[in-house]
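Colleague: Got a predicted structure here, sequence first:
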Amino acid sequence: KRLFIDEDYDILTAMSGEEGLEVLNENDVAVIISDQMMPGMRGAEFLEKSREITPDSIRMVLSGYAEIDSAIDAINLGGAFRYISKPWNDADIISSVKEAFARYNLQKEHDRLEKLTIQQNEELNSFNSKLEDALDKRTQDLAQTKKYVVAVLHSIAEGIAVIDQNGTIQDCNEAFLAMYGYTFDEVKNMELHTLSVDDETERMISYIKNSQQGDTIKIESIHQRKDGSQFPIEATTVIMHNN
C-alpha cells in the first residue's frame, strides 16, 4: 500500500484470503495482488476462488523461490497473470501493475466492442428481415398491379401495342391482333413500322427517341394487315420510360 500511495489507484487491503473474498464480493476490483503464503488460505486457492467472483480481474501472486510449485498452481488454477518473486523489485511490481491495468482496460474495450458488434449485427439482421418483408410485399403488390393492368389492356376495344424506343413491339392486346390478323408470337419483336405503308409510323418512332416522360405523339397513317389489305389508323403514343 505504501508503494502505491503516490499512484492514482483505489487500494483495498485484506489480511487473509477469506477477508479478501469478502472485499471482492463488495467491490469492483480490476487488479488483485495476493501473497502465496497467507493464514488460513494459500494464495493459489484464494485466486482460484476469486476467479469465480470476479473472472475479469487481472490476478498476480507474490511468492518466494522456495514456493515456486505453489506459485505455478496459482498461475494454473487461479489464472494468475504474473508471478512476482519475493523480495520484489519496486520498479518491477509498479510496472507489472500498470501492465495489468492496461490488460484489464484492453479486455473491457474488447468486450464492449464485441457486445456492440453483436448488437449492431442483431439490428442489421432485424433491418434486413424487415426490408425483405417489405420487398416481398412490394413484389406481390407489383405482381397484382401487373395482372390488373394486363386485364385492363386486353379488355379495351381499341388496339394497343407496347413498343420500346426502337419501335419494336413488346406486348399488345387482343384487339390489336384482331386488327392486323396476326398471332402474338408473330408480332412479338416485330418492328412497328413494317406494318405501315407510308413514312408516318417510322417518323413517329424517330420522335420517340428524343421525347420525355409523359410526352404524347399523334399520327395518322395507312397500315397493312397480314392478308395484305390496307386500312387507315389514327395512333396516339404516350412515352413511358421503364426505369
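Modeller: Looks like it came in fine.

Colleague: any idea of the mean pLDDT in the strand or helix carrying Asp133?
Modeller: Using DSSP states H and E, Asp133 falls within helix 90-155. Averaging pLDDT along helix 90-155 gives 86.

Colleague: what is the mean pLDDT for the next helix or strand after it?
Modeller: Once the chain leaves helix 90-155, the next helix or strand it forms, by DSSP H and E, is strand 161-163. The pLDDT scores in strand 161-163 average 90.

Colleague: Packing partners of the helix or strand just after strand 161-163?
Modeller: Moving toward the C-terminus from strand 161-163, the next helix or strand (DSSP H and E) is strand 169-172. Packing partners of strand 169-172 (3 or more C-beta pairs under 8 Å, 6 or more residues apart in numbering; DSSP states H and E): strand 161-163, helix 184-187. Any C-beta I mention is one placed from the backbone N, CA and C, and that applies to glycine too.

Colleague: Go again with 10 Å.
Modeller: Taking 3 or more C-beta pairs under 10 Å, 6 or more residues apart in numbering; DSSP states H and E as contact, the helices and strands that strand 169-172 lies on are helix 90-155, strand 161-163, helix 174-180, helix 184-187.

Colleague: Now Asp171: closest residue in space that isn't a chain neighbour?
Modeller: Leaving aside its sequence neighbours, Asp171 sits nearest to Val162 (C-beta to C-beta, 6 or more residues apart in numbering; 4.2 Å).

Colleague: Tell me the backbone dihedrals of Ser34, please.
Modeller: phi -130, psi 140 (degrees, to the nearest 10).

Colleague: give me the number of residues near it?
Modeller: Counted with other C-beta atoms under 10 Å, the neighbours of Ser34 add up to 24.

Colleague: Touching, it and Ala14? I think so.
Modeller: Yes. In this structure, Ser34 is within contact of Ala14 by C-beta atoms under 10 Å, at 9.1 Å.

Colleague: okay, and the common contacts of these two?
Modeller: Common contacts of Ser34 and Ala14 (C-beta atoms under 10 Å, 6 or more residues apart in numbering): 20, 46.

Colleague: Give me the distance between the residue nearest the centre of the chain and Lys130.
Modeller: Geometric centre of the chain, nearest residue: Leu124, 4.4 Å, by C-alpha atoms, centre = their mean. Distance from Leu124 to Lys130, counting by C-beta to C-beta, to the nearest Å: 11 Å.

Colleague: next one: Gly159
Modeller: Applying C-beta to C-beta to Gly159 and Lys130 gives a distance of 44 Å.

Colleague: Please say which of those two ends up with more neighbours.
Modeller: Set side by side, Gly159 and Lys130 show more neighbours around Gly159, with 17 against 10, by other C-beta under 10 Å.

Colleague: Next, the more buried one: phi, psi?
Modeller: Per degrees, to the nearest 10, the backbone of Gly159 is at phi -70, psi 130.

Colleague: Not counting sequence-adjacent ones, nearest residue to it?
Modeller: Phe176 (3.6 Å).

Colleague: and stretch 169-178, how far from the chain's centre?
Modeller: 45 Å (C-alpha atoms, centre = their mean, to the nearest Å).

Colleague: returning to what we had before: kindly reformat the helices and strands packed on strand 169-172 as JSON lines containing distance to Glu7.
Modeller: Formatted as JSON lines, the helices and strands packed on strand 169-172 follow (distance: least, C-beta to C-beta, whole Å):
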{"stretch": "helix 90-155", "distance to Glu7": "7"}
{"stretch": "strand 161-163", "distance to Glu7": "81"}
{"stretch": "helix 174-180", "distance to Glu7": "91"}
{"stretch": "helix 184-187", "distance to Glu7": "88"}
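
Colleague: State whether Ile217 is indeed within a strand.
Modeller: Yes. Counting by DSSP: H, G, I helix; E, B strand; the rest coil, Ile217 is found in a strand.
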